[in-house]
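Peer 1: predicted model and sequence below, questions to follow.
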Amino acid sequence: MSTAPLVGIAMGSDSDWTVMEAAAQALTEFEIPFEVDVLSAHRMPAEMIAYGEAADARGLKVLIAGAGGAAHLPGMLASVTPLPVIGVPVPLKYLDGMDSLLSIVQMPAGVPVATVSIAGARNAGLLAARVLAAHDPELRSRMKDFQQQLNEQATEKGKRLRAKVAGADSFGFGK
Ligand SMILES: Nc1c(C(=O)O)ncn1[C@@H]1O[C@H](COP(=O)(O)O)[C@@H](O)[C@H]1O
């Protein structure tokens, strides 16, 4: 398998890593090669633009960008790359991540950023995997297996809850 990164995980500061790590974890579970770096639209604008402009030529297929507060990084990357960009709102001490969420999600028409929930970095990793899986039958099959596991876990939760509340013989959709 090629080890050249297919997903770039960028964040505004290393302080975002505790949240962003979950995106890396999801990609690792699907054996998708990725790279991580700190890139700030505010603090290192020239480097951030250079990274975004070079991303597709370097072989990256999807960018994940997480930032807190006035989170301009995902949108600015999306403005200089044709690649899909997934934004992760990182919650900071004040405003609970609402500031970041609104900064990322309210993009002007023509420059899309797919935004996950506040601190939803795991879903960003899984969404990147789905984007790649659209052109990769083997990865798509692993994604289906993953979804089946989720189904089994949820079914088991229903069984446990029914057993606790209504007894072992109670009716349920999950057998
Ligand atoms: N939102 C941005 C951007 C940007 O969008 O370019 N650059 C840094 N930051 C955010 O500032 C917060 C505090 O950063 P520090 O912890 O370095 O002070 C981080 O959550 C980072 O993503």
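Peer 2: Yep, that arrived.
Peer 1: use CA for all of it now, contacts and neighbours both
Peer 2: Noted.
Peer 1: tell me which residues touch residue 90, please.
Peer 2: Counting by C-alpha atoms under 8 Å, 6 or more residues apart in numbering, residue 90 makes contact with 16, 19, 66, 67, 68, 69, 97, 100, 101, 118, 119.
Peer 1: that should have said residue 114, apologies.
Peer 2: Residues in contact with residue 114 (C-alpha under 8 Å, 6+ apart) are 84, 85, 86, 87, 105.
Peer 1: now the lengthiest helix in the chain: buried residues?
Peer 2: As assigned by DSSP state H, the longest helix anywhere in the chain is helix 137-166. By neighbour count on 16 or more other C-alpha atoms under 10 Å, the buried set for helix 137-166 is 139, 140, 143, 155, 158, 159, 162.
Peer 1: which of those sits closest to the ligand?
Peer 2: Nearest to the ligand, judged by C-alpha to the nearest ligand atom, of the buried residues of helix 137-166 is residue 143 at 29.5 Å.
Peer 1: the closest one and residue 130 touch, don't they?
Peer 2: Yes - with contact defined as C-alpha atoms under 8 Å, residue 143 counts as touching residue 130 (7.3 Å).
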